[in-house]
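Q: predicted coordinates and the sequence they were generated for:
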Amino acid sequence: MKALKLLLYSLCVFALLSACKDKLPAPDTIEAERTVIIYMMAENSLNRFSANDINEIRQAYGNIPQNTNLVVYVDNSSLPVIYNVTAKKGFVEWKTYAQDQISTDSTVMQRTLKEITTKFPAKHYGLVLWSHGSGWVPQKRSIGIDNGKNTSSNSGLQMNIPTLRGVLETLPHLEFILFDACAMQSIEVAYELRNVTDYLIGSPTEIHAEGAPYDMILGPMMRGDVLEVVKQYYATYQSWDGVVISLLDCRKMEAFAQATAKVMPQFSEAVSQDGGTEGIQIYQPYSSQTEWKPEPFDMEGAMYHTLDSASFAEWKIALDQILLYKNATSSWTSVFSGYSHCHLTDPDHYAALSIFLPHEKYTPQGWNENFRAFQWYRAAGWDKTGW
C-alpha cells in the first residue's frame with residue numbers, strides 16, 4: 001500500500017513539474033527589459049573604425065545591466081557577424097554568415113533586424129545606426145554605404161530615409177535611435193521617423209570618424225538613459241576635435257510641425273529673398289563643384305533671423321518641447337572642408353537641428369524635387385509656398 005502511495009505521489013510531482021516546465025518560455029524568447037542593437041554598416045572607408053568601436057564595447061561590457069541584451073551586427077571588410085554581448089560572457093558570436101550580404105539593402109536590413117528582435121524580445125528596444133550619413137538627401141549617403149566587395153571603397157548601395165522608415169515600421173517600436181553617422185539630425189529625417197521611435201540622437205553636421213564613445217555611453221544606453229548618452233557623447237569631444245549634437249523627442253513632432261506651418265508663410269518669404277539667409281548658422285558650406293549636399297541651416301537660427309519677435313517666441317515654445325538637449329563646441333573637424341574646422345557662428349541661436357531651405361541653385365541636382373517626397377514638406381506647409 002505504501003509503495004502504491006509513493007508511486008502515485010511521484011507521478012503527481014512529475015506531472016506538476018512537467019506542467020510548469022511547459023509554461024516556461026524557451027531561453028531565446030524570454031522577454032528582457034531592453035534590447036539594444038548596434039547595426040554597423042562598415043563595408044566602406046569607415047571599415048577600420050568599426051574595430052575601434054568594438055574594442056570600446058569590450059572595455060565597457062561589464063556595465064551592461066542584467067536582463068538586457070546588447071546585439072552587435074558588424075559588416076566590414078570581413079564576412080558579417082552578429083555578437084551577443086553580456087556582462088557575464090562578454091562577446092559571443094551568435095551568428096556568422098557564410099557569404100557577404102549588402103547591409104544597406106532594405107530586404108537585408110529588415111530580415112536581419114527582425115531576426116534579432118524575434119530572438120531577443122524585450123519591453124524596450126534601442127537602435128544604433130552606424131555608418132556614413134548625409135541627412136535626408138537621397139543617394140548622397142543618406143544612411144550607410146555597402147560596396148559589396150569587402151573593401152574600403154565608398155562606391156556602393158546607400159539607403160534613403162523613406163526606405164529606412166519603411167524597414168523600421170515593420171519592427172517593434174523603438175525607444176531610441178542613435179545615428180552614429182554624419183549629418184543625420186535634420187528635421188526632415190526626424191519627422192520622417194517620428195512614428196518609429198520616441199527619441200532621436202544625432203548631429204546636424206559631420207562627426208569624427210571615431211564616432212560614438214561606446215566605452216562611455218554603453219551603460220546609460222543599456223539603461224535607456226538617453227539624456228546621459230548624449231551628455232557623455234558631447235563630453236568626450238568637448239576638449240578634443242569638437243562635436244554638435246542634440247536629443248529630440250519625436251512623440252511631439254506633430255505639434256511642432258503645426259507650429260512651423262503656422263509661421264511658414266512669413267518664414268518662406270523671408271528666406272527666399274536675396275540675403276534672406278544671412279547670419280544663419282550653416283553646418284556645412286555648399287559648393288556646386290562637389291556632390292556633398294545642400295547647405296544644412298540650423299533651424300532655430302533660421303527662424304530667429306527671419307520671423308518677427310512675437311512669432312519666433314511662439315514657435316520657440318514648440319521647439320523647446322521636442323528639443324530635450326543640445327550642445328556644440330565652438331568648432332569641429334570637417335573632412336569636406338579639407339580637414340579644417342567648421343565653426344559655431346551663432347552660439348546664442350542654434351538648436352543642433354538642421355533644416356533644408358529650397359533654392360533654385362539646387363534644381364540641377366534634383367534636391368528641390370526630392371524634398372517634395374518627404375512628409376515634412378506638407379506637414380510644415382512648404383507645399384503652400386510655391387516650392
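A: Received the coordinates, thanks.

Q: low-confidence ranges, this structure, go.
A: 1-29, 139-141, 287-292, 336-340 (pLDDT under 70).

Q: domain parsing for it?
A: Listed by automatic domain parsing, the domain ranges of the chain are 28-251, 253-384.

Q: give the contact list for Asn102.
A: I think there's a mix-up here, since residue 102 is Ile and not Asn. 108, 146, 148, 156-157 (Cβ atoms under 8 Å, 6 or more residues apart in numbering). For the C-beta atoms, the positions are set from N, CA and C on the backbone; glycine is no exception.

Q: try Asn52
A: Contacts for Asn52 (Cβ under 8 Å, 6+ apart) come out as Glu210.

Q: mind redoing it with 10 Å?
A: Asn52 sits next to 46, 209-211, 214 when contact means Cβ atoms under 10 Å, 6 or more residues apart in numbering.

Q: let me have the contacts of Ile102 in JSON lines, extended by secondary structure, distance to Pro172 and neighbour count.
A: Below are the contacts of Ile102 laid out as JSON lines (DSSP: H, G, I helix; E, B strand; the rest coil; distance: Cβ to Cβ, whole Å; neighbours: other Cβ atoms under 10 Å):
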{"residue": "Val108", "secondary structure": "helix", "distance to Pro172": "19", "neighbour count": "17"}
{"residue": "Asp146", "secondary structure": "strand", "distance to Pro172": "24", "neighbour count": "24"}
{"residue": "Gly148", "secondary structure": "coil", "distance to Pro172": "29", "neighbour count": "16"}
{"residue": "Gly156", "secondary structure": "coil", "distance to Pro172": "29", "neighbour count": "20"}
{"residue": "Leu157", "secondary structure": "strand", "distance to Pro172": "25", "neighbour count": "18"}
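
Q: show me which pair in these is furthest apart.
A: Val108 and Gly156 (12.8 Å; Cβ to Cβ).

Q: can you list residues touching both of the two?
A: Counting by Cβ under 10 Å, 6+ apart, the residues touching both Val108 and Gly156 are 102, 146.

Q: before we move on, the earlier item: among the contacts of Asn52, which ones are in helices?
A: Among the contacts of Asn52, DSSP state H puts Tyr214 in helices.

Q: nearest to Lys384, of the contacts of Asn52?
A: Gly211 (39.3 Å).

Q: can you show me the helices along the stretch 251-387 of the chain?
A: Using DSSP state H, counting those that start in this stretch, the helices of the stretch 251-387 of the chain run over 253-272, 299-304, 309-322, 367-371, 375-379.

Q: okay, these, which one's buried deepest?
A: helix 299-304 (a mean of 24; mean count of other Cβ atoms under 10 Å).

Q: dump the C-alpha coordinates for that one into PDB.
A: Extracted C-alpha coordinates of helix 299-304, given in PDB (Å, rounded to 0.1, in the frame of the first residue of the first chain):
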ATOM      1  CA  MET A 299      16.500  75.500 -37.700                       C
ATOM      2  CA  GLU A 300      16.400  77.800 -34.600                       C
ATOM      3  CA  GLY A 301      18.800  80.200 -36.200                       C
ATOM      4  CA  ALA A 302      16.800  80.300 -39.400                       C
ATOM      5  CA  MET A 303      13.600  81.100 -37.600                       C
ATOM      6  CA  TYR A 304      15.200  83.700 -35.300                       C
END
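
Q: may I see the buried residues of stretch 56-66?
A: Residues 56-57, 60-61, 63-64 are the ones in stretch 56-66 that count as buried (16 or more other Cβ atoms under 10 Å).

Q: which of those residues lies closest to Gly166?
A: For those, the nearest to Gly166 is Ile57 (28.9 Å; Cβ to Cβ).

Q: shouldn't that closest one be in contact with Ala87?
A: No - Ile57 lies out of contact with Ala87 (Cβ atoms under 10 Å); the separation is 11.7 Å.

Q: ok so, going back, ok, which of the helices of the stretch 251-387 of the chain comes nearest Thr112?
A: helix 375-379 (25.5 Å).

Q: gap between that closest one and the chain center?
A: Relative to the chain's own centre, helix 375-379 is displaced by 20 Å; criterion: Cα atoms, centre = their mean, to the nearest Å.

Q: packing partners of that helix?
A: helix 161-168, helix 187-192, helix 253-272 (3 or more Cβ pairs under 10 Å, 6 or more residues apart in numbering; DSSP states H and E).

Q: redo those helices as a markdown table? Include distance to Gln281.
A: Below are those laid out as a markdown table (distance: least, Cβ to Cβ, whole Å):
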| stretch | distance to Gln281 |
| --- | --- |
| helix 161-168 | 22 |
| helix 187-192 | 14 |
| helix 253-272 | 13 |
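
Q: wait, which of those is closest to Ala302?
A: Ranked by Cβ to Cβ, the member of those that lies closest to Ala302 is helix 253-272, at 6.7 Å.

Q: elements contacting the closest one?
A: helix 187-192, helix 299-304, helix 309-322, strand 354-355, helix 375-379.

Q: no more questions from me, cheers.
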